[in-house]
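Colleague: My questions concern the predicted model and sequence given below.
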Number of protein chains: 2
Amino acid sequence: MLAEKIKKHLQKLEQKKFRKDFGEFIVEGIKGTAEALKSDFDIALILIEGKRRDENEIKKIILTAEKKGIIVEYADRKDLEKISDTETFPGVLSVVVQKEFFIEDFLKEKNIIALDAVNDPGNLGTIIRTADWFGIKKIILSENSVDLYNSKVVRSTMGSIFHVDILRVNDFKRTLEKFKKENFVINSLDLNGESIEKMSFKDKNIFLFGNESHGLAAELEKFVDKRYTIKGYGQAESLNLAISAGIVMYKIKK
Amino acid sequence: MLAEKIKKHLQKLEQKKFRKDFGEFIVEGIKGTAEALKSDFDIALILIEGKRRDENEIKKIILTAEKKGIIVEYADRKDLEKISDTETFPGVLSVVVQKEFFIEDFLKEKNIIALDAVNDPGNLGTIIRTADWFGIKKIILSENSVDLYNSKVVRSTMGSIFHVDILRVNDFKRTLEKFKKENFVINSLDLNGESIEKMSFKDKNIFLFGNESHGLAAELEKFVDKRYTIKGYGQAESLNLAISAGIVMYKIKK
C-alpha cells in the first residue's frame, strides 16, 4: 500500500500551482523514466506497479535507481488509477525535480527557438521533441504559454524534455531586448516575408513563434529583424505551429 | 427548442458507428461551416445558437445556407451543451454528408500521401491541413487508422478536410499494388535511408507513412521502392509523424 502522504503529493502534482510550489513534475512510463535517469535531472521518487517489478525494463530502472540512491516505491493498480491521468498506467512513474536554466548559457548558443503564448500542449511537446531531433538545444518559453510540466506536454516530448534546455521567462520582451543587444538576429514567420529558402544561418539567431490562433503578438513584432514565409499553394489559411517550427528547424540543420 | 429527433441524431453522430451508418459527420464552428459551404460537400443541416443569429459572420452563413436551400435550425445553449463536445459551443455546427472519392482520380495525381494505421487524431488532422497548405490534393488513408470524421480530426484540419481528397481503403496492400502497376514510386522514411535531400520528385510518387509508435508495418515494407532519412542530431529517438510528413510535403513543393 502506498502511503497516504505520497498519494496526496502525487495528486497535487497534477495541478500547475502545486508543480510550481513543489518545483517538481511527473513523468510517466518506462521510456520517460529511463531518459530521466540518464539525464542530470534529479529524481525525487520512482513509483512502480508492484506486480510488474519483474519485467526486464522495469528491473533495469529499479537497479539504476538503487545505484543512484533514488527512492523507489511500489503501489497496486487501485492506488495508481487515482494518480495517473492516462487510462492504462504504464507501470512506472517518476517525480522529477524541475531544473533551472540561466540566460548566460543561452547567450552563447547559435540557434534558439523562442515561443510566446503557445497554448496547445501537443504543439509545445512536439516542438521540444523536434528540437531535440535536430540538435537544437535551447528553447525560450514565455510564462503565458501552457505549463511546460503539464502531463500532455511532458508525454508528447517523448523524453526530449530531458535533452533540451528550456528557459521560462516572465518578461519576454526584455528577454528579446537582451538577446538583440548581444547581436542575435530575431527571425519570425509571416505570410508576407521573404521566402524561407533565403533564411540565413550565419548569424546568432532566434526563431520566434507566437500563439496558434493569433500569431505573434503586436508588441513583439517590433523586435523582429527578418520575416520569412513558407510558401503555401492550397486553400489552408495557415500551417500548424509545430509544423512551421519543424520546417524551420529542419532548415537550420540542413 | 430543438426537436428531439434532431438532438438524438446529432448525439449519435459523435460515434463512429453512426457516422458510418448515416454517412455524415459534424463540423463545428464558423470557419468550418463557412469552408463546408464554399466546398462541393453536401450539408444536411446547419445548427445555430439562437441568440447569436445576429452576429455578422453567422448572418452570412444563414444567408448562404438559405440561398443553397440548406436547412437551418436554431437551438438554445442547454440543447447545444448536450451535443457539442467542446466546452464552449462555437455558435454554429453543421452536419455534412461524407463524400466518396475514387481511385481513378488518384491515379492521375503526381504526389500522394498514404497513411497506414495512423492513431492520433491531431496527427491526422494536422497532416491534412499541411497537405492543403502545400497544395497536395490527395491522401490515401487505411481503414485501420483513426476515423477521419472523428471530431478532433475534423477540428484540427481547420477546414482543410473540405480541400483535400481522402481515399479511405480497406485493403491498403492491394491499393499500393495498384499504384505500383501504374508506375508510382513508393517512398518511405526510415532511419537508414538515403538523405531526404536526394528525394526525387520527377516520378509519380506515393509518400508512405505508418503508425506513430510502430512505424511502417512489416507487410508494407516490401512495397517500398525508396527509403529516405531526415537526419537527426540529438538524442530523440524519432520525429513526430506529422512533423516528418510536414517536412516531406515542404520538400515536394519547394
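Modeller: Yep, it's here. Residues are numbered from 1 along each chain as shown, chains lettered A, B, ... in the order given.
Colleague: Please make it C-alpha for all contacts and neighbour counts, starting now.
Modeller: OK.
Colleague: can you tell me the helix or strand for the residue of the stretch 51-200 of chain A at minimum distance from chain B?
Modeller: Using Cα to the nearest Cα, the single residue of the stretch 51-200 of chain A nearest to chain B is A:Gly135, 4.2 Å away. Under DSSP states H and E, no helix or strand contains A:Gly135.
Colleague: cool, and A:Phe207?
Modeller: Using DSSP H and E, A:Phe207 falls in strand A:204-209.
Colleague: Just the C-alphas of the helix or strand following that strand, formatted as PDB.
Modeller: Next helix or strand after strand A:204-209 toward the C-terminus (DSSP H and E): helix A:218-221. Extracted C-alpha coordinates of helix A:218-221, given in PDB (Å, rounded to 0.1, in the frame of the first residue of the first chain):
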ATOM      1  CA  ALA A 218       1.800  43.000 -31.900                       C
ATOM      2  CA  GLU A 219       4.200  44.200 -29.100                       C
ATOM      3  CA  LEU A 220       6.700  41.500 -30.200                       C
ATOM      4  CA  GLU A 221       6.600  42.400 -33.900                       C
END
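Colleague: gap between helix A:218-221 and the chain center?
Modeller: Here helix A:218-221 is found 24 Å from its chain centre; the criterion is Cα atoms, centre = their mean, to the nearest Å.
Colleague: Report the mean per-residue pLDDT for that helix.
Modeller: The average pLDDT for helix A:218-221 rounds to 96.
Colleague: Okay, now the sheet partners of the helix or strand that comes right after it, with direction.
Modeller: Where DSSP H and E defines the elements, the next helix or strand beyond helix A:218-221 is strand A:226-229. Its sheet considered, strand A:226-229 pairs with strand A:184-195 (parallel) by DSSP bridges.
Colleague: helices or strands up against the lowest-mean-pLDDT helix or strand in chain A?
Modeller: Ranked by mean pLDDT, DSSP states H and E, the weakest helix or strand in chain A is helix A:77-83, scoring a mean of 76. The criterion is 3 or more Cα pairs under 8 Å, 6 or more residues apart in numbering or on different chains; DSSP states H and E, and the helices and strands that helix A:77-83 contacts are helix A:4-12.
Colleague: Would you mind checking the average pLDDT for the helix it packs on?
Modeller: Averaged over helix A:4-12, pLDDT sits at 92.
Colleague: what domains does the record give for chain A?
Modeller: A:4-97, A:103-253 (automatic domain parsing).
Colleague: Ends of the first one, what's the gap?
Modeller: Across its full length, domain A:4-97 reaches 21 Å between end residues, using Cα to Cα, to the nearest Å.
Colleague: Which residues of chain A lie near chain B?
Modeller: A:126, A:129-130, A:132-136, A:158-160, A:163, A:231-240, A:242-243, A:246-247, A:250 (Cα under 8 Å from any Cα of the partner chain).
Colleague: Just the ones in helices from the residues you listed, please.
Modeller: Of the residues of chain A next to chain B, the ones assigned to helices by DSSP state H are A:126, A:129-130, A:132-133, A:242-243, A:246-247, A:250.
Colleague: Now rank these by neighbours and give me the top one.
Modeller: Using other Cα atoms under 10 Å in any protein chain shown as the neighbour test, these are led by A:Arg129, with 31 neighbours.
Colleague: ok, now which ones touch it?
Modeller: A:Arg129 sits next to A:156-161, B:236, B:239-240 when contact means Cα atoms under 8 Å, 6 or more residues apart in numbering or on different chains.
Colleague: that older thread, just checking, the residue of the stretch 51-200 of chain A closest to chain B touches B:Tyr233?
Modeller: Yes: using Cα atoms under 8 Å, A:Gly135 is in contact with B:Tyr233, at 4.6 Å.
Colleague: Tell me which of these two has more neighbours.
Modeller: Between A:Gly135 and B:Tyr233, counting by other Cα under 10 Å, A:Gly135 is the more crowded of the two (20 against 13).
Colleague: tally of neighbours for the residue nearest to A:Ser39 when sequence neighbours are not counted?
Modeller: Excluding the flanking residues, the one nearest A:Ser39 by Cα to Cα, 6 or more residues apart in numbering or on different chains is A:Phe162, at 6.1 Å. A:Phe162 has 24 neighbours, counted by other Cα under 10 Å.
Colleague: same thing with A:Lys17?
Modeller: Neighbour count of A:Lys17, defined by other Cα under 10 Å: 12.
Colleague: How is A:Ile140 assigned, secondary-structure-wise?
Modeller: Recorded secondary structure, A:Ile140: strand (DSSP: H, G, I helix; E, B strand; the rest coil).
Colleague: Kindly report the same for A:Ile112.
Modeller: Going by three-state DSSP: A:Ile112 is strand.
Colleague: From the rest of the structure, what touches stretch A:7-18?
Modeller: Residues outside stretch A:7-18 that contact it (Cα under 8 Å, 6+ apart) are A:19, A:24-26, A:79, A:82-83, A:147, A:149-151.
Colleague: Report the two members of those separated by the largest distance.
Modeller: By the measure Cα to Cα, A:Asp79 and A:Asp147 form the most distant pair in these, at 25.7 Å.
Colleague: neighbour-wise, which of these two wins?
Modeller: Regarding A:Asp79 and A:Asp147, a neighbour count based on other Cα under 10 Å identifies A:Asp147 as having more, with 24 against 16.
Colleague: and that one, helix, strand or coil?
Modeller: Applying three-state DSSP: A:Asp147 is coil.
Colleague: pLDDT wise, what is the closest residue to it other than its chain neighbours at?
Modeller: Leaving aside its chain neighbours, A:Asp147 sits nearest to A:Lys16 (7.0 Å; criterion: Cα to Cα, 6+ apart). With respect to pLDDT, A:Lys16 scores 96.
Colleague: Look up phi and psi at A:Lys16.
Modeller: Main-chain torsions, A:Lys16, degrees, to the nearest 10: phi -50, psi -50.
Colleague: What degree of burial does it show, as a neighbour count?
Modeller: 18.
Colleague: try A:Lys78
Modeller: With other Cα under 10 Å as criterion, A:Lys78 counts 10.
Colleague: Could you check how far it is from A:Lys7?
Modeller: From A:Lys78 to A:Lys7 the distance is 11 Å (Cα to Cα).
Colleague: and if you look at A:Gly246?
Modeller: Applying Cα to Cα to A:Gly246 and A:Lys7 gives a distance of 38 Å.
Colleague: Low-confidence ranges, the stretch 1-150 of chain A, go.
Modeller: Along the stretch 1-150 of chain A, the parts satisfying pLDDT under 70 run over A:1, A:84-88.
Colleague: What does A:Val95 show for phi and psi?
Modeller: Dihedral angles (degrees, to the nearest 10) for A:Val95: phi -100, psi 110.
Colleague: wait, it sits on A:Phe25?
Modeller: Yes: using Cα under 8 Å, A:Val95 is in contact with A:Phe25, at 5.6 Å.
Colleague: So the two - more neighbours on which side?
Modeller: A:Phe25 (25 against 21).
Colleague: Spit out the contact partners of the more buried one.
Modeller: A:13, A:19, A:95-98, A:149.
Colleague: Need these in JSON lines (columns: distance to A:Asn119).
Modeller: Formatted as JSON lines, those follow (distance: Cα to Cα, whole Å):
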{"residue": "A:Leu13", "distance to A:Asn119": "20"}
{"residue": "A:Arg19", "distance to A:Asn119": "18"}
{"residue": "A:Val95", "distance to A:Asn119": "24"}
{"residue": "A:Val96", "distance to A:Asn119": "23"}
{"residue": "A:Val97", "distance to A:Asn119": "23"}
{"residue": "A:Gln98", "distance to A:Asn119": "21"}
{"residue": "A:Tyr149", "distance to A:Asn119": "13"}
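Colleague: May I have the beta-bridge partners of the residue nearest to A:Gly215 when sequence neighbours are not counted?
Modeller: Leaving aside its sequence neighbours, A:Gly215 sits nearest to A:Phe209 (Cα to Cα, 6+ apart; 7.4 Å). Here A:Phe209 sits in beta bridges with A:Leu115, going by DSSP bridges.
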